[in-house]
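Peer 1: Need coordinates for the below:
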Amino acid sequence: MKLVAVVPAYNAARHLPDLIRRIVAARPPGLLRTVIVDDGSSDDTARVAQHLAETTDGIEVAVRPRNGGYGAAMKTGLAIARALSADRAASVHADGQYSPEALPALLAALDGRRLDLLQGSRIAGGQARAGGMPLYKLAGNWALGMLERRIFGLPMTDFHSGYLVYGQRALAEIPFAQLSDSFDFDVEVIASAQARGLAVGEAPIPTRYGDEISHLNPLTYGLRVLRILWRFKRGNYGV
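Peer 2: I've put the predicted structure just below:
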């Protein structure tokens with residue numbers, strides 16, 4: 001196994017050192033490289049990332065000159081994973097909300113269940129509220145999730161978690177460059193995988209909300225998700 005952990009980072013300078021320490025301590029199997037993608041941050045993210053690369057084995061930094069959005073940062077990181085001939089990739093957000101300690105178990109679930117794409121679910125473990133998930137996010141997940149389960153035909157609980165683990169087929173077959181540059185990138189990844197007949201599933205992950213700043217607008221995000229569902233029904237995500 002050759003795993004690349006992609007860390008999309010926007011104004012995340014104060015969170016990065018602890019996140020990288022946690023990834024190193026978690027020792028996910030087959031970790032080839034951790035790629036920090038600075039998405040045009042206005043703080044010291046790029047400088048902190050470069051320092052981490054100089055002092056920690058296996059760290060690579062990609063600096064985008066302008067902020068392009070979460071999806072744009074993920075595309076950069078996944079392109080690097082492909083260039084490194086990785087057969088597994090994982091999105092581990094810079095703010096530490098998605099526990100890197102869960103990554104070994106997620107990789108085991110991906111392979112043990114012969115999945116091509118695995119999403120870490122904050123809802124499946126039943127601890128979302130206890131972990132600090134705001135009520136409006138829980139309600140939005142519930143409302144959109146009913147539609148998503150029906151239209152995608154997937155019995156999943158949390159289509160909006162950003163903790164995705166990619167298997168070899170997902171890395172090879174999903175046309176990342178054609179997908180959104182914004183936060184709906186992950187939902188389009190799921191839509192593309194399902195339209196291509198890839199095996200998609202979920203596994204529970206811990207929920208942790210701290211003092212991180214969310215750059216997601218819930219209204220525009222919800223409208224983007226509805227557009228994805230409409231496009232999926234029309235066959236736009238197929239081969």
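
Peer 1: Only C-alpha atoms from now on, for both contacts and neighbour counts.
Peer 2: Will do.

Peer 1: Would you tell me what the next helix or strand after the helix or strand of the chain with the lowest mean pLDDT is?
Peer 2: Least confident helix or strand, the chain: helix 135-152 with a mean of 78, by mean pLDDT, DSSP states H and E. Next helix or strand after helix 135-152 toward the C-terminus (DSSP states H and E): strand 164-166.

Peer 1: Quickly run through the sheet partners of that next one, with directions.
Peer 2: strand 88-91 (antiparallel), strand 117-121 (antiparallel) (DSSP bridges).

Peer 1: neighbouring contacts of the longest one?
Peer 2: Taking contacts as CA atoms under 8 Å, 6 or more residues apart in numbering, the residues outside strand 117-121 that touch it are 106, 110, 157-159, 161-167, 170, 190, 193, 198-205.

Peer 1: Just the buried residues of those residues.
Peer 2: 106, 110, 157-159, 161-167, 170, 190, 193, 198-205 (16 or more other CA atoms under 10 Å).

Peer 1: For Leu115, which three-state class applies?
Peer 2: Following DSSP: H, G, I helix; E, B strand; the rest coil, Leu115 is assigned to coil.

Peer 1: what packs against the longest strand along the chain?
Peer 2: Ranked by residue count and defined by DSSP state E, the top strand of the chain is strand 31-39. Applying 3 or more CA pairs under 8 Å, 6 or more residues apart in numbering; DSSP states H and E, we find strand 31-39 packed against strand 3-9, helix 45-55, strand 59-64, helix 70-83.

Peer 1: Nearest to Gly96 among these would be which one?
Peer 2: strand 3-9 (9.9 Å; CA to CA).

Peer 1: how distant is the helix or strand following the closest one from the center of its chain?
Peer 2: Where DSSP H and E defines the elements, the next helix or strand beyond strand 3-9 is helix 16-26. From the chain centre to the centre of helix 16-26 is a distance of 17 Å (CA atoms, centre = their mean, to the nearest Å).

Peer 1: go on, stretch 9-25?
Peer 2: 15 Å.

Peer 1: Pull out the buried residues from that stretch.
Peer 2: Quick answer for stretch 9-25 (16+ other CA under 10 Å): 9-13, 15-16, 19-20, 23-24.

Peer 1: now, which of those sits nearest Asp38?
Peer 2: Among those, and counting by CA to CA, the member closest to Asp38 is Ala9, at 5.0 Å.

Peer 1: which residues does the closest one bridge with?
Peer 2: Asp38.

Peer 1: Contacts only, for it.
Peer 2: 36-39, 41, 45, 73, 93-95.

Peer 1: Arrange the residues you listed in a markdown table, one row each, with distance to Ala79 as further columns.
Peer 2: Conversion of these to a markdown table gives the following (distance: CA to CA, whole Å):
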| residue | distance to Ala79 |
| --- | --- |
| Ile36 | 13 |
| Val37 | 11 |
| Asp38 | 14 |
| Asp39 | 15 |
| Ser41 | 20 |
| Thr45 | 21 |
| Ala73 | 10 |
| His93 | 17 |
| Ala94 | 18 |
| Asp95 | 22 |
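
Peer 1: ok so, going back, right, and the helices and strands packed on strand 31-39 - which one's nearest Gln178?
Peer 2: Per CA to CA, nearest to Gln178 of the helices and strands packed on strand 31-39: helix 70-83, 9.6 Å.

Peer 1: which residues are contacting that closest one?
Peer 2: Residues contacting helix 70-83 (CA under 8 Å, 6+ apart): 4, 6-9, 35-39, 62, 64, 89, 91, 171-172, 176-177, 179-186.

Peer 1: so where's this protein uncertain?
Peer 2: Residues of the chain meeting the criterion pLDDT under 70: 125-140, 208-215.
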